[in-house]
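In: Fold the following.
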Amino acid sequence: KAEAGHFAKAGVEAGRGLWEFRLENDEEFAVGAELTVELFNETKKVDVTGTSKGKGFQGAVKRWNFRTQDMTHGNSLSHRAPGSIGQCQTPGRVFKGKKMAGHMGAERVTTQNLEIVRVDAERNLLLIKGAVPGSTGGNVIVKPAVKA
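Out: Numbers count the residues shown, from 1 in each chain. Have a look, this model is predicted:
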């Protein structure tokens, strides 16, 4: 509902989402104009931004690649526990930013310097070689590579 006014002002139908981009010179594009893959005809490398796949609540071993503890030698309850999380009476607390169990994935991720294999203007497809973040059918933002 909140985006309906933006779509009406631009004179376009409501789409899958609304994204803003910073441009160097805005004379090229009109508000509400359709952007096609032909923008990437001269571009060789791109940065792709998307939302990574959500993994839910995960322990420290999976989330941060912590090593597991001994499976034997007297250890019976804490095989996948993170181990010590701090010192003793001083400082008497756990420092902020300590890697612990928690929610993993479903966050904004950018993969840099991916190679464009082919630009198919007929079907409006952009073939990219490499790891594009997110699930199948998810929204992604493709920009010319910053580090290329």
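
In: Which stretches in this protein count as strands?
Out: Under the criterion DSSP state E, strands of the chain are mapped to 45-51, 56-58, 102-104, 108-120, 125-129, 140-144.

In: Deepest-packed of those strands, please.
Out: strand 45-51 (a mean of 18; mean count of other CB atoms under 10 Å). Glycine gets a C-beta too; all of them are placed from N, C-alpha and C.

In: Just checking the distance from stretch 83-103 to the centre of its chain.
Out: Offset of stretch 83-103 from its chain centre (CA atoms, centre = their mean, to the nearest Å): 27 Å.

In: and the end-to-end length of that stretch?
Out: With CA to CA, to the nearest Å applied, stretch 83-103 spans 19 Å between its terminal residues.

In: Show me which positions of that stretch end up buried.
Out: By neighbour count on 16 or more other CB atoms under 10 Å, the buried set for stretch 83-103 is Ala101.

In: and of the strands of the chain, who's closest to Arg16?
Out: Closest approach to Arg16 among the strands of the chain is made by strand 140-144 (11.3 Å; CB to CB).

In: got TSV for the strands of the chain, with distance to Phe29 and mean pLDDT too?
Out: Shown next, in TSV, are the strands of the chain (distance: least, CB to CB, whole Å; pLDDT from 0 to 100):
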stretch	distance to Phe29	mean pLDDT
strand 45-51	18	97
strand 56-58	40	98
strand 102-104	37	98
strand 108-120	18	97
strand 125-129	18	96
strand 140-144	14	95
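
In: Which one, of these, ends up nearest to Glu13?
Out: Short answer: strand 140-144, nearest of those by CB to CB, at 20.4 Å.

In: related to what we said a few turns ago, take the strands of the chain and write them to a markdown table, including distance to Leu18.
Out: Formatted as a markdown table, the strands of the chain follow (distance: least, CB to CB, whole Å):
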| stretch | distance to Leu18 |
| --- | --- |
| strand 45-51 | 15 |
| strand 56-58 | 28 |
| strand 102-104 | 26 |
| strand 108-120 | 16 |
| strand 125-129 | 20 |
| strand 140-144 | 12 |
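
In: centroid residue for the protein?
Out: Val109 (2.0 Å; CA atoms, centre = their mean).
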